[in-house]
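In: model this:
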Amino acid sequence: MASSAAFFVFSVLVALHLCCCHGQANAAGSTSDVTAIYSLGDSITDTGNLIKEAPPGMFETIKHLPYGITFGYPTGRCSDGLLMIDFLAQDLGLPFLNPYLGKNKSFDHGVNFAVAGATAMDPADQFNGRFFMPFAANSLKVQLRWFKDFMKSSFGTDEDIRKRLQSSLVLIGEIGGNDYNYALFGRNVSEVEKLIPGVVRTIVDAAKEVLDMGANRVIIPGNFPIGCIPTYLTTKGSSEPSDYDSMGCLKELNLFAAKHNARLQRAIADELRPSYPAASIAYADYFNSFLTLLNTADELGFDASSVRKACCGAGAGEYNYDWRRMCGAEGTAACAEPEKYVSWDGIHMTQAAYRAMSRLVYHGRYLQPQVLNLEEAP
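Out: Numbering: from 1, shown residues only. Okay, the predicted model is just below:
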């Protein structure tokens, strides 16, 4: 969701320069080598960890329909159905990832440590009374500890852990979006920008720990163009037409997300890859892939007139989003055809949109370099 057509082109060029020019060969081999996926992140990836803790708060509703309505029943996913991680697992011939906090679940082919609402930085370190406090305390540091504990208890020695990771894929994110979401609650963008170096440093340091353990195929996604999603279009909306780009997205917020992504890409290219030359470390470009989704929505089967409108909401305003009455709360309803919508609840995407994103990223040009060798999407 770039701030303009020119900015969109600039973002693509930056991504190509940082990732493709500094890319590397697929040192990890073909996707047939991937026997397990280990995922850390937030609600974009969580397949049920948050609901196992059952915290009170705004996402209590994900435990009930209409969440999961396309899948058939609620699963703890913040969508009407499946997520990108589910489609990726299918593409790799693996089962869906079970949540780490699930009981009596199989972890033979990987584990999902992601928790909806999680931040990259520890809440106590980042917020410390300065910003709106998050409702989920399972930061990247906590998830990384879970990951290490699981690997140690499951495989024992460092050598066995390294051997297991040699045939695994590790995803670190998307994470960091919530650090900014919480901070932007009542704060201006220029103030929140000060968090970017710390958030990116936390992600990069986590990647180093995973790579030090023996991971040799790691994917690190960037942030979405948040100026295009209903929650921000509603809560940060402007009366000035010049504040919006040609796609109806908020320029300032998209530029903010682009700054996070540019810093993250530089760290991957200049710090991680030179330090771990034997590993395949890819940047997943959620920013430009989402812009492509919006620009080609009608071709992908979406209702182009509804790409910035939530499927599930209270029927409020231009974007069908009201933070006081989130999807699933009394007085809200889901649209009849979620597959025609990009946004599910104003914050998260529909199963159809996640499927399209998965194809664009993992089968297309938005994974830099392409470390999975999946068949290119038509």
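
In: Report pLDDT for the residue nearest the centre of the chain.
Out: Closest residue to the average C-alpha location of the chain: residue 174 at 3.2 Å, with C-alpha atoms, centre = their mean. What the model reports for residue 174 is a pLDDT of 96.

In: And for the closest residue to it other than its chain neighbours, the neighbour number?
Out: Spatial nearest neighbour of residue 174, excluding adjacent residues (C-beta to C-beta, 6 or more residues apart in numbering): residue 221 at 4.3 Å. Yep, even glycine has a C-beta here, placed from its N, CA and C like the rest. Other residues near residue 221 come to 29 when the count uses other C-beta atoms under 10 Å.

In: Got phi/psi on residue 221?
Out: Taking degrees, to the nearest 10, you get phi -80, psi 150 for the backbone angles of residue 221.

In: Would you state the helices of the stretch 201-350 of the chain in chain order?
Out: Along the stretch 201-350 of the chain, the segments classed as helices by DSSP state H, counting those that start in this stretch run 230-235, 251-267, 273-275, 286-295.

In: Please report the distance of the residue nearest to residue 174 from residue 173.
Out: 5 Å (C-beta to C-beta, to the nearest Å).

In: Farthest from the middle of this structure: give me that residue.
Out: Centroid-distance maximum for the chain: residue 157 at 31.3 Å, with C-alpha atoms, centre = their mean.

In: quick one: which helix or strand includes residue 44?
Out: Using DSSP states H and E, residue 44 sits in no helix or strand.

In: give the contact list for it.
Out: 78, 83, 84, 114, 174, 177, 348 (C-beta atoms under 8 Å, 6 or more residues apart in numbering).

In: how does it look with 10 Å?
Out: Contact analysis of residue 44 by C-beta atoms under 10 Å, 6 or more residues apart in numbering lists 77-79, 83-85, 114, 116, 173-175, 177-178, 221, 224, 286, 347-349, 354, 357.

In: Strands along the stretch 1-150 of the chain, start to end?
Out: For the stretch 1-150 of the chain, the strands defined by DSSP state E, counting those that start in this stretch cover 36-40, 110-112.

In: how about the residue lying closest to residue 320 once chain neighbours are set aside, what does it touch?
Out: Distance criterion C-beta to C-beta, 6+ apart; nearest residue to residue 320, sequence neighbours excluded, is residue 313 at 4.0 Å. Applying C-beta under 10 Å, 6+ apart to residue 313 gives the contacts 230, 234, 319-322, 325-329, 331-335, 343-346.
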